[in-house]
Structures are given as structure tokens and as C-alpha cells.
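Visitor: Return atomic coordinates for the entry below.
(one chain, ligands or ions: 1)
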Amino acid sequence: MFAKLLIANRGEIALRVMRTARRMGIATVAVYSDADANAAHVAEADEAVHIGPAPAAQSYLNVAAIIAAARQTGAQAIHPGYGFLSEKAEFAEACAAAGIVFVGPPASAIRAMGLKDRAKALMAKAGVPVVPGYLGDDQSADRLAEEAARIGWPVLIKAVAGGGGKGMRKVERAQDFAAALDGARREAKAAFGDDRVLIEKYVARPRHIEVQIFGDSHGHVVHLFERDCSLQRRHQKVIEEAPAPGMSQAMRRKMSEAAVKTAKAVNYTGAGTVEFIADASEGLKADRFWFMEMNTRLQVEHPVTEAITGLDLVEWQLRVAAGEPLPRTQEQLSINGHAIEARLCAEDPQKGFLPSIGRLVHLKFPDDVRVDFGVRQGDEVTVHYDPMIAKLIAHDATREGAAAKLARAIRHTEVAGVATNAAFLARALSHPDFVKGDVDTGFIGRHSADLVRPPEITNGVLARAALFVAESRPHAPGYDPWDVHDGFRLTGAAKEIVEFLADGRKTAVELLHTSDGREPAIGGTPVEPAHAAAARMPNGDIAVMCDGETVILPLYDPFAGAEAAGAATDRITTPMPGRIVQVLVKPGERVTPRQPLAVLEAMKMEHTLYAPADALVATVDVSPGDQVLEGAVVVRFAKEKSAAA
Ligand code: MV4
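Guide: Residues are numbered from 1 along each chain as shown. Alright, predicted model coming up:
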């Protein structure tokens, strides 16, 4: 086994790999960018090497700097984690050239799976079911249209170099084909520098089911059963589980055989995932699944497989990379119970899931589920990297049990400082259709009205906030609350009043002193405080964390102007740096609440900026293609006498 391992990654996966390395007695080396000098993965490693500035292109994707760090520290192997360099064949080759073991498959296997058409052709030849379609070199519009008609409508046009749904177009009718082809090609060219496409029969009600496989350098390949990753939003996985709900033994046998065949066809070693698409329009059927692609790395969702198999997949990766045979045979592997994972992200469902950046003023996880986290309380979520805060993984004897346990754990997770998707996740896990196992890739879209709801400022939340304010008051002698103009008043010995600006309105909570302590009341009516945690934000606002929702309550300050109470309403500005990809309104146009105004590309995703209220567009200050900083004005609204305040 290796004595020292370098982890060419950051965040939760870097910590995850280090945990296993430590248990196996392997010394760890972290690498870090300028932005991560104080990050958890650096603190946790035995050694750490600085590899460049914050942008990943100059640090976590810098092959030369990472190889140099391994050389300098004497690391014998490099674990790439996921993302970054994990599926770059050139990196696997650079490791080999430097005499360092790449913890992953051979470069040839990464290459074989890199291009969709080649991978698909290879799998068809190996006898793995693939979606009927056209994979040919003749890319003329006429030929492609002919092939689409032969396949039968609806069809899906996909970029050969594709991934993440980019350059993908569903076409329902022959007369729409030419325009869709143009669009798909343009998008593919822009995203991958390659405008070749393939055409497939469109699979109805698709479910994403993937099989975890493992190969070793002695010619063995086993599968570790399947995961269902159908709950996605814009091709980003949200909730994953193992095993797949509704999967029959017969279908599991067929799918895992296909996955093992796939791995053998490319002489695969290490951890890999074979992704299938299943037609769930009439429930899962053993003959209605097809190969989609193979991911030649460990995946974000690997913990659900670990939970149901009782194995440590990182340990398996390290053993296989060190030349050992697979620790178990297929017959020694079985499924125990059910596991579900949810990805907790710094993003705001209320704002179209826009990444939310800022300092994690408060961060606390429950201790009855597995939590793989990448950040600590006090850390900053920046624009430079993925906004995932943590993964929560629940394991139980049954699917219903695991879903209930995970929903509860998420409701008890406390985050203040950035917006999160916690309440959204908890609602998804408790949704009757999810509980029934009625999941497919359209789930989130179909149920978004149920899943995305504004946080409620209940009286219980206000009472909890008031108690927090009163209890965190300094009681030092000589301290005079009358000196602080922040909404806190003593009104004689038996009563305190705390005033908040809730939804822009002044709301007073009275705290009556009784022999039991402080009893909150609003408008004279006693209020039961919510079971919630509270924290003070750097600006003095009170954050109340309740059921996965975080409500921010400014203390009412009679000396502050009305302006300070809310952000400027006469304009829309960019929430983070990025590039404007679309402008959807013109000066002089009337807009309505939540009408899309422009699309910003930032943090590798597209974010729509919406109108906050009924308004008249006065100026549009950006054009498509503009690089913008955070806070750049996108649209200014006209001042109108009748406009709602
Ligand atoms: C499909 C499909 C329907 N029919 N292929 C999306 C990204 C890529 N991984 C494959 N994708 C799809 N391919 C055919 N022939 C529907 C999707 C799809 C999807 C697949 C998995 C998970 C989420 C998805 C969301 C939308 C579309």
C-alpha cells in the first residue's frame, strides 16, 4: 500500500478521501488555491501545497503544479476526487510519466468513454442495449432529418461531445427538425468546440439509473448494485438513492450484467459508473433500459452505495490502485436496506436556485445521519467553486424509513449566512409521490410549486428571535440598553420589548418576566416559541433556523431611514460576477413580478434574473456577451407615482 497520497481536489471529497487514507495509515497531502488557504481540507491533511490562484483553471486544473506537488512531497499516488482532473486522460498519463500512480482507470478507458458516439458504438458492439438512433459520420442536415424520420418521432438531438444536457434538443415533428438541429449545433460548438450530433429515439418518462462497478488489474469486474439519480434539476443531481425504487430482481440482473460487460469492454480498473436511461412510462421494465454513458471516476453519490453494501469505496479504489485484487467477489456482495442522499447547496430556491455566496455565520448538522461536508462554520462560500455545502445520507431498513430520517435530518440542519435548498429538499423527500417511489427526471419540474415556497415569518419564529435577543444581551454592570438604538427596550421590571422589521413591517414581541423565565407574546397574546436555533448575523440581523428554512429578521431601528430597510428597488443588479448570455426585455417595456429579464452565466450555470414587481423598464444596461462584475446594473426601472412601494 502507498505510504503517502496526494488528493488533487478540495471540499467534501478531499476530506472524504483523507478519512479513509488516515484509517489505512496512509499520510495525506492536500493541494490548495489562494481562496482555500484556510479551508478544512488543508487543515485536515498531514501536509499541504499551494498550487495557484483561486480560479480552478490555474490551480485545481493545473496538471504541472499538481504533479510538482506530488514530487516535492514524495506522494506515490494521486486521488483526483471527482470533477476537476478526474476524467482527464492527459492527467492520468502525466501521472504515469512522472512515476506516480493515478487512482483511477487507465487513460485508454477514460478516452474510450469520452466521446458519446464512440462509447455508444463500442457498447452496441459489446452487446449492451443502446437507445435506437443514428451515429453516422454523414452530418448533412438532409441525412440527419432522414434518419430522424426513420427512427420515429419524438427524437432527441445530442452533441457527440456532449454532457450536462448541453446541445440537446427534443424534436416532436419533422417540420421542427431543421431549426432544432441549428440550435443544437450552435450550442455544441460553443460549449465543446465540436458541432457533431447524434440522434436518438426520445425515451418517455426517463429515469436515470446507474450501476456502480469496480475492476482490478487481475481481470476481475464486479458490480455494487444500482443507484437511482432521477431527481435532478437542470441536469444537476439533487437526491440520489440505492437501490432504485421499483427495480425487479430480473431487471437488476440484466442491468448489472450490462454494466459489467461495459467495464470489461474497455479493460476498466477502479471505480466506475455505468449510467442507463430507463423508460418508466409503464413502471420499470427489464427490457426498457439503455446505456447512456460511463463515468470513469468515483461519484458524488457513492455514499448511498457504501451504506447499502457496508463497504468503503475509497478503500477499494486505493487497494485496486496499489495492485491488490478486489476485496470481495460478486457472491459476497449484497444489498442491506435502503439509503438516500441529498445535496445541501448554497443556493436560493426563491431566486431560481441562484448560488448564494457569503460567510457561513452558523452551520450545524444533526448527528443521526452521515454528513459529508466540505466547509465549516465561519468559512466563506465563494463564486470560484461548486456551491455544495454538504451531503446528508440516511440509511434505514426501508425506503420510507430512510426518506423520513433524511427529511428530519435536513429539517434539523442549521445554516445562516447563505441561502440553502434545505427546505426544498425536505419537502421533496416528504412529497407523497416521492414517498410512493414515483420518481423520474420530471419530478422537480412537475412539483416545483409544492417544493419552492417562501419562508414564513410565523409568530413562533418571531418569539424565538426575541428570546435569542434578550438572552444574548450583555448583563455587564454599567451597560445601558437605552444607549443602543436597535429595537430592544426595557419597560419596567417585568417586561421587555423586542421590535423587528418583519416583511418590512415593524413587529413587537413582548417578553413577560415570570417565575419560569421569559414568556413571549405578540399583541397581548402568548406565543409558543418555534423549536429553532438562532444566530446573530454580522450586520446585527437575527437569523432563525427552523425546519430547514432560515428567516432573517432585522431589528427595528427607529433611527435608520426607510432606505436601509430594503435593497434599492429601482434596479436589478448582478448577484455575482459572470457573463450575460441573454437579455429578454427592452427599454419602455412593462414587466410583471417574476418575469425573466436577463440570463447570467456564472459558476458554470445559467441564472435567470427576474423582475421583482410590476415596473416599467427605463434602461437596459447590459448586452449579451458582456462580462460583468457582482453588483453590475442590468436593468433600471422608471420612477412611477403609482408604483407600489
Ligand atoms: C435522453 C432522454 C430521453 N431520451 N435520451 C440528459 C443528459 C444526458 N445525461 C442524457 N439526458 C437525457 N437523455 C433519450 N434518448 C432524456 C434525458 C434527460 C435526462 C436524463 C437523465 C437525468 C435527467 C434528465 C433530464 C432531462 C433529460
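Visitor: okay, now Ala126: neighbour count?
Guide: Using other CB atoms under 10 Å, the number of residues around Ala126 comes to 15. Every residue, glycine included, has its C-beta placed from N, CA and C.
Visitor: Sorry, wrong one. I was asking about Val551.
Guide: 25.
Visitor: Look up how far Leu363 lies from it.
Guide: Val551 sits 17 Å away from Leu363, taking CB to CB, to the nearest Å as the criterion.
Visitor: Kindly report the same for Ala77.
Guide: 32 Å.
Visitor: which stretch of helix or strand covers Glu257?
Guide: Using DSSP states H and E, Glu257 sits in helix 249-265.
Visitor: Also Arg118?
Guide: Taking DSSP H and E as the definition, Arg118 sits inside helix 116-125.
Visitor: what mean pLDDT would you report for that helix?
Guide: Taken as a whole, helix 116-125 carries a mean pLDDT of 90.
Visitor: same question, stretch 74-85
Guide: 98.
Visitor: And the contacts of that stretch?
Guide: Applying CB atoms under 8 Å, 6 or more residues apart in numbering, the contact partners of stretch 74-85 are 2-10, 13-14, 17, 29, 56, 60-61, 63, 66, 69-70, 86, 91, 95, 100-104, 297-300, 314, 317-318, 321-322, 386.
Visitor: Poorly predicted segments of the stretch 401-550 of the chain, please.
Guide: Scanning the stretch 401-550 of the chain for pLDDT under 70 picks out 474-486, 490-493.
Visitor: can you give me the strands for it?
Guide: Secondary structure of the stretch 401-550 of the chain (DSSP state E, counting those that start in this stretch): strands at 414-416, 488-490, 495-502, 505-514, 517-522, 525-526, 533-536, 542-546, 549-553.
Visitor: hey, where'd the strands end up in the stretch 151-300 of the chain?
Guide: In the stretch 151-300 of the chain, the strands defined using DSSP E, counting those that start in this stretch lie at 155-159, 169-171, 197-201, 206-215, 221-233, 236-242, 270-279, 289-295.
Visitor: Columns distance to Leu144, mean pLDDT and mean neighbour count on top of the ones you listed, output as a markdown table?
Guide: Formatted as a markdown table, those follow (distance: least, CB to CB, whole Å; pLDDT from 0 to 100; neighbours: other CB atoms under 10 Å):
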| stretch | distance to Leu144 | mean pLDDT | mean neighbour count |
| --- | --- | --- | --- |
| strand 155-159 | 8 | 95 | 25 |
| strand 169-171 | 10 | 95 | 18 |
| strand 197-201 | 6 | 95 | 23 |
| strand 206-215 | 22 | 98 | 25 |
| strand 221-233 | 27 | 98 | 23 |
| strand 236-242 | 29 | 97 | 24 |
| strand 270-279 | 21 | 98 | 25 |
| strand 289-295 | 20 | 96 | 23 |
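Visitor: With distance to the ligand added, can I get the ones you listed in TSV?
Guide: Shown next, in TSV, are those (distance: least, CB to the nearest ligand atom, whole Å):
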stretch	distance to the ligand
strand 155-159	5
strand 169-171	8
strand 197-201	4
strand 206-215	4
strand 221-233	4
strand 236-242	8
strand 270-279	5
strand 289-295	5
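Visitor: Out of the ones you listed, flag the one nearest His338.
Guide: Taking CB to CB, strand 236-242 is the member of the strands of the stretch 151-300 of the chain nearest to His338, at 6.9 Å.
Visitor: Which strands border that closest one, and is each parallel or antiparallel?
Guide: Sheet pairing of strand 236-242 (DSSP bridges) gives strand 221-233 (antiparallel), strand 338-345 (antiparallel).
Visitor: Out of those strands, flag the one nearest Leu451.
Guide: Distance to Leu451, taken as CB to CB, is lowest for strand 221-233 among these, at 9.8 Å.
Visitor: give the contact list for Glu301.
Guide: In this structure, Glu301 makes contact with 227, 229, 237, 240, 341, 391, judged by CB under 8 Å, 6+ apart.
Visitor: The last one - that's part of a strand, no?
Guide: Think Lys391. Yes - membership of Lys391 in a strand is supported by DSSP: H, G, I helix; E, B strand; the rest coil.
Visitor: can you list the residues of the stretch 401-550 of the chain near the ligand?
Guide: Proximity of the stretch 401-550 of the chain to the ligand (CB under 6 Å from any ligand atom) is limited to residues Thr441.
Visitor: Need the nearest residue in space to Arg143, chain neighbours excluded.
Guide: Leaving out its chain neighbours, the residue that sits closest to Arg143 by CB to CB, 6 or more residues apart in numbering is Gly136, at 7.3 Å.
Visitor: And for the one you found, the neighbour number?
Guide: Neighbours of Gly136 (other CB under 10 Å): 13.
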